[in-house]
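In: Whatever this is, show me its structure:
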Amino acid sequence: GSVLKLSSTARLTAHDLEALPAVLAAHTPSIISIDMTDLGIGPEGASLVGQACAASQHVAAAGLSGNRLGDSGARSLAATMPGNTSLKSLFLRNNEIGPEGARGLCQGLMANATLTKLNLKNNKLGPEGAKELAPLLAGSKVLLEINLWNNALGPAGSTALAEALGREGATLEDLDIGCNAIGCEGARAFSQALRSNRRIERLNLRWNEIEDEGGAALGAAFGDNTRLREIQMFGNKLSEDGAAALDKACTARPGLKVLQ
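Out: Purely as a prediction, here's the structure:
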């Protein structure tokens, strides 16, 4: 299959976007991915692109990062997700999406049966947005990977997500929650989640202001989790002794790598 990539210098009109379904249909099934990064399509464009992808039934990846979607655009796009039976990867970095947009995405994706990868890096979810997304992490039967890097989630937001991961039936395998200032409180919450979760394989906790107490809590959970393969801890506030203790806990759990 091929990729439909539009230049970031393109100036798309609503008419151009309305023609997208016809373009995709004319090239079905060859176009399996569209890249519309940094085109500034806004909320109306998000709805049109979502409708076009759903109608094509062949587009498996959509790159819509840097498009000023905001909450309105995220909700409009999410509304097309229940009818989409082909999309597997959705990239929504740098789109100023907040809690209301997160709520819409959760609702739309809970009714979607194909999306496995969601990238929301560098948005504005905050603690409330994390709480809105938590049911998706706990209840989706298909989502495997989510990137929430740099969303100002804080301890409260990370705790909501950790509690969702700890629930029975959570299917997520890869979570990036780096650069969210989750601190020791967030680390303790993920420690609890790791004790019960049996699906997560990769956990990125870089640059999260985690100190020795949080590192010790995470290390104490390694023995209760046989699935985790990699945990990233670069850029935290562990002392030399704290880092050494985490490495020691890792060696007691075959197959696990701690990157710090």
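In: Tell me where the stretch 51-200 of the chain has strands.
Out: Along the stretch 51-200 of the chain, the segments classed as strands by DSSP state E, counting those that start in this stretch run 61-63, 89-91, 117-119, 145-147, 174-176.
In: measure the residue nearest the centre of the chain to N95 for me?
Out: Residue closest to the mean C-alpha point of the chain, counted by CA atoms, centre = their mean, is I146 at 2.4 Å. Here the criterion is CB to CB, to the nearest Å. By it, I146 lies 15 Å from N95. Where you see a C-beta, it was placed from the backbone N, CA and C, and this is true even at glycine.
In: Redo the strands of the stretch 51-200 of the chain as TSV? Include distance to L246 and mean pLDDT.
Out: Shown next, in TSV, are the strands of the stretch 51-200 of the chain (distance: least, CB to CB, whole Å; pLDDT from 0 to 100):
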stretch	distance to L246	mean pLDDT
strand 61-63	35	96
strand 89-91	32	98
strand 117-119	28	98
strand 145-147	23	98
strand 174-176	18	98
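In: Distance to L218 for the ones you listed - can I get that in a markdown table?
Out: Converted to a markdown table, those look like this (distance: least, CB to CB, whole Å):
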| stretch | distance to L218 |
| --- | --- |
| strand 61-63 | 33 |
| strand 89-91 | 29 |
| strand 117-119 | 24 |
| strand 145-147 | 19 |
| strand 174-176 | 14 |
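In: Tell me which of the ones you listed approaches S239 most closely.
Out: S239 lies closest, by CB to CB, to one member of these: strand 174-176, at 24.8 Å.
In: Return the list of strands paired to the closest one, each annotated with direction.
Out: Paired strands of strand 174-176, with direction, are strand 145-147 (parallel), strand 202-204 (parallel) (DSSP bridges).
In: quick one: contacts of the last one?
Out: Read that as strand 202-204. Contact with strand 202-204 is made by 149, 173-178, 190, 194, 228-232, as judged by CB atoms under 8 Å, 6 or more residues apart in numbering.
In: quick one: which of the residues you listed is nearest to L24?
Out: Nearest to L24 among these, with distances taken as CB to CB, is D174, at 28.7 Å.
In: Disregarding residues adjacent in the polypeptide, which is nearest to that closest one?
Out: E145 (4.0 Å; CB to CB, 6 or more residues apart in numbering).
In: same check, this time on W207
Out: In space, W207 is closest to G235, 3.8 Å off (CB to CB, 6+ apart).
In: For the strands paired with strand 174-176, give me CSV that also has distance to G129.
Out: CSV is the format used below for the strands paired with strand 174-176 (distance: least, CB to CB, whole Å):
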stretch, distance to G129
strand 145-147, 12
strand 202-204, 18
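In: so which of those gets nearest G126?
Out: strand 145-147 (16.1 Å).
In: Relative to the whole chain's centre, how far out is the closest one?
Out: On the basis of CA atoms, centre = their mean, to the nearest Å, strand 145-147 sits 3 Å off its chain's mean C-alpha point.
In: Next: stretch 144-152.
Out: Worked out by CA atoms, centre = their mean, stretch 144-152 lies 4 Å from the chain centre.
In: start to end distance for that stretch?
Out: By CA to CA, to the nearest Å, the extent of stretch 144-152 from end to end equals 22 Å.
In: and if you look at stretch 164-178?
Out: 17 Å.
In: for it, the distance to its chain's centre please.
Out: 10 Å.
In: Now the buried members of the contacts of strand 202-204.
Out: W149, E173, D174, L175, D176, I177, G178, F190, L194, L228, I231, Q232 (16 or more other CB atoms under 10 Å).
In: What does the pLDDT read for the closest residue in space to the first one that isn't next to it in sequence?
Out: Excluding the flanking residues, the one nearest W149 by CB to CB, 6+ apart is K121, at 4.4 Å. Reported pLDDT at K121 in the predicted model: 98.
In: hang on, the earlier thing: can you list the contacts of strand 202-204 in JSON lines and add distance to G45?
Out: Output for the contacts of strand 202-204, formatted as JSON lines (distance: CB to CB, whole Å):
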{"residue": "W149", "distance to G45": "24"}
{"residue": "E173", "distance to G45": "31"}
{"residue": "D174", "distance to G45": "29"}
{"residue": "L175", "distance to G45": "29"}
{"residue": "D176", "distance to G45": "26"}
{"residue": "I177", "distance to G45": "29"}
{"residue": "G178", "distance to G45": "29"}
{"residue": "F190", "distance to G45": "36"}
{"residue": "L194", "distance to G45": "40"}
{"residue": "L228", "distance to G45": "39"}
{"residue": "R229", "distance to G45": "38"}
{"residue": "E230", "distance to G45": "37"}
{"residue": "I231", "distance to G45": "38"}
{"residue": "Q232", "distance to G45": "34"}
